[in-house]
Every structure is written in C-alpha cells, then in structure tokens.
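Engineer: what's the 3D shape of this:
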Amino acid sequence: QVQLVESGGGLVQAGGSLTLSCLASGRTGANYYLGWFRQFPGREREFVAAITPSGGETYYAASVEGRFTISRDNAKNTVYLRMTSLNPEDTATYYCTGASASWLNYRSERAWDHWGRGTQVTVSS
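Structural biologist: Next comes the predicted model:
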C-alpha cells in the first residue's frame, strides 16, 4: 500500500512564498507520477501540478503557471510544490497524489491512485 504524507502548509501573507513537501512510502513502482491538487471550501478538488516519473516533464494549471513549481527527488521519494507570489485566492487544502501508469490523464482527479490527507494553505491579504 502506498502512503502519501504532506507537510509544509501554513499561513502566509499575500505575495509570500511557501513550499509543500510530500513523502511517498510503500510500493510506488518505477512509473509513478506525482502531483498536487487543491480544494476550496464547498468545491471539488482541482488540478494544480503534476510531474512525470523521471521528473523530466511538468504540467500546471493555468492559474498557477509561472508562480508554482513542482519538482521531485526520487532518491528521497519526495515531491515538492514551491509556491510563490501567493494571493488569497490560493487559500485551499492542498493534496498530494500519485499514480502508477505509463500514461496519465493528470488533470482528472479520477486518474490518480493514491491521495494524501491534505495540508492547509492560508494566504492573508
């Protein structure tokens, strides 16, 4: 069984930065995509960013492109989400997600196999 555990959430002022981390443990396999989704109160989770198993390709939602950076350290089984130029509209619960696949429809929540419990990010104005 794969377990994903997020860390790094918290309170930050608008314009500030925050880095989320997610440690993956268990049998992830070689072709393990990692990603981040977020959820606003009363709404479904939405795609934020994804990274291929090798780390060679990254994908972003338009709302975070240029401000957020996803990366991974396969030796540490960890994925990161560096968030800069944060604004109050980024306030949400952020979820780490993973999936074993040769190809992935990464923007779809249903495509992913495993989920963390989430970490809260609050951006004050």
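
Engineer: does residue 31 touch residue 54 like I think?
Structural biologist: No: assessed by C-beta atoms under 8 Å, residue 31 is found out of contact with residue 54, at 9.3 Å. Just so you know, the C-beta spots here come from the backbone N, C-alpha and C atoms, and that holds for glycine as well.

Engineer: of those two, which one has the most company?
Structural biologist: residue 31 (14 against 10; other C-beta atoms under 10 Å).

Engineer: would you mind measuring from that one to residue 53?
Structural biologist: Using C-beta to C-beta, to the nearest Å, we find residue 31 at a distance of 5 Å from residue 53.

Engineer: and the residue nearest to the spatial centre of the chain, helix, strand or coil?
Structural biologist: Nearest to the mean C-alpha position of the chain, by C-alpha atoms, centre = their mean, lies residue 36 at 2.0 Å. Here residue 36 takes the strand state, with states given by DSSP: H, G, I helix; E, B strand; the rest coil.

Engineer: got the phi and psi for residue 57?
Structural biologist: Phi and psi for residue 57, reported as degrees, to the nearest 10, are phi -130, psi 140.

Engineer: excluding chain neighbours, what is closest to it?
Structural biologist: In space, and not counting its chain neighbours, residue 57 is closest to residue 51: 7.2 Å by C-beta to C-beta, 6 or more residues apart in numbering.
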